[in-house]
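Trainee: Attaching a predicted model along with its sequence, questions to come.
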Amino acid sequence: MNSVVFADGDDFFKKLEDKYISHDKGFFVLAPSGTGKTHFCKNQIDTDWIDGDDLWISSGAHPNYDWWNKGLDTINRVDSRSDIVTDEAREKGFWIMGASNFWLIPDAIVIPDWETHIGYIKNRETTGYDGGATSDKLEQVKNHIEFMKKFSKSNNVPIFKSIEEAVNNLVN
């Protein structure tokens with residue numbers, strides 16, 4: 001894994017403000033791979049929501065290789081780095097949705113019913129795959145969901161069935 005140091009992020013967040021809307025209050029929606037986060041962000045009318053993958057890759061929190069297949073220690077290190085960037089972005093009023101999380105308490109968690117979730121993943125594989133979990137990684141997705149359910153319970157974070165439901169609850 002590449003080494004990381006902390007640096008002044010003012011320029012990074014100024015560039016983010018050029019692309020995305022900064023609000024009075026920031027939000028973080030946590031959802032496992034295959035729930036429609038990227039689709040939602042790409043199809044929004046106003047640039048309110050940032051796809052977490054874009055945020056974490058552009059900030060350097062996510063390394064440029066398939067780190068999610070390198071074991072739990074690597075996943076936890078990368079997710080912890082992502083939490084720092086997400087926390088800073090949320091503090092600056094940005095709305096983020098993503099799957100990377102280790103310690104940061106999200107504002108909402110999205111977990112669709114399992115059959116719907118599998119359908120989303122299979123549909124993505126056949127209609128323009130853009131990254132994320134595939135049908136051969138469903139066990140990893142299930143493990144991530146279990147983590148999120150426990151995280152929700154221990155931190156009193158509401159769980160929603162869809163991205164749209166979570167977004168509507170937070171912004172209205």
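Mentor: The structure has been received and is ready for your questions.

Trainee: phi, psi of Ser33?
Mentor: The phi/psi pair for Ser33 (degrees, to the nearest 10) reads phi -60, psi 140.

Trainee: Would you confirm that it contacts Val141?
Mentor: Yes - with contact defined as C-beta atoms under 8 Å, Ser33 reaches Val141; the gap is 6.0 Å. In short, each C-beta sits where N, CA and C put it, glycine included.

Trainee: The most centrally placed residue in the chain - nearest residue in space that isn't next to it in sequence?
Mentor: By C-alpha atoms, centre = their mean, the chain has its centre lying nearest to Gly98, at 0.7 Å. Excluding the flanking residues, the one nearest Gly98 by C-beta to C-beta, 6 or more residues apart in numbering is Gly52, at 1.9 Å.

Trainee: From the chain's centroid, how far away is the helix or strand hosting Phe147?
Mentor: Using DSSP states H and E, Phe147 falls within helix 138-155. How far helix 138-155 lies from its chain's middle: 14 Å, per C-alpha atoms, centre = their mean, to the nearest Å.

Trainee: Mind giving me the packing neighbours of the helix or strand following that helix?
Mentor: Note on helix 138-155: by DSSP H and E, the next helix or strand toward the C-terminus is strand 159-160. If contacts are counted by 3 or more C-beta pairs under 8 Å, 6 or more residues apart in numbering; DSSP states H and E, strand 159-160 sits against strand 108-110, helix 138-155.

Trainee: Pull out the buried residues from the helix holding Phe147.
Mentor: Leu138, Gln140, Val141, His144, Ile145, Met148, Phe151, Ser152 (16 or more other C-beta atoms under 10 Å).

Trainee: and the worst-scoring helix or strand of the chain on mean pLDDT, what other elements does it pack with?
Mentor: Ranked by mean pLDDT, DSSP states H and E, the helix or strand of the chain with the weakest confidence is helix 114-126, at a mean of 86. Contact here means 3+ C-beta pairs under 8 Å, 6+ apart; on that basis helix 114-126 packs against helix 138-155.

Trainee: 10 Å instead, please
Mentor: Applying 3 or more C-beta pairs under 10 Å, 6 or more residues apart in numbering; DSSP states H and E, we find helix 114-126 packed against helix 37-42, helix 138-155.

Trainee: now that helix, how far from the chain's geometric center?
Mentor: With C-alpha atoms, centre = their mean, you get 18 Å for helix 114-126.
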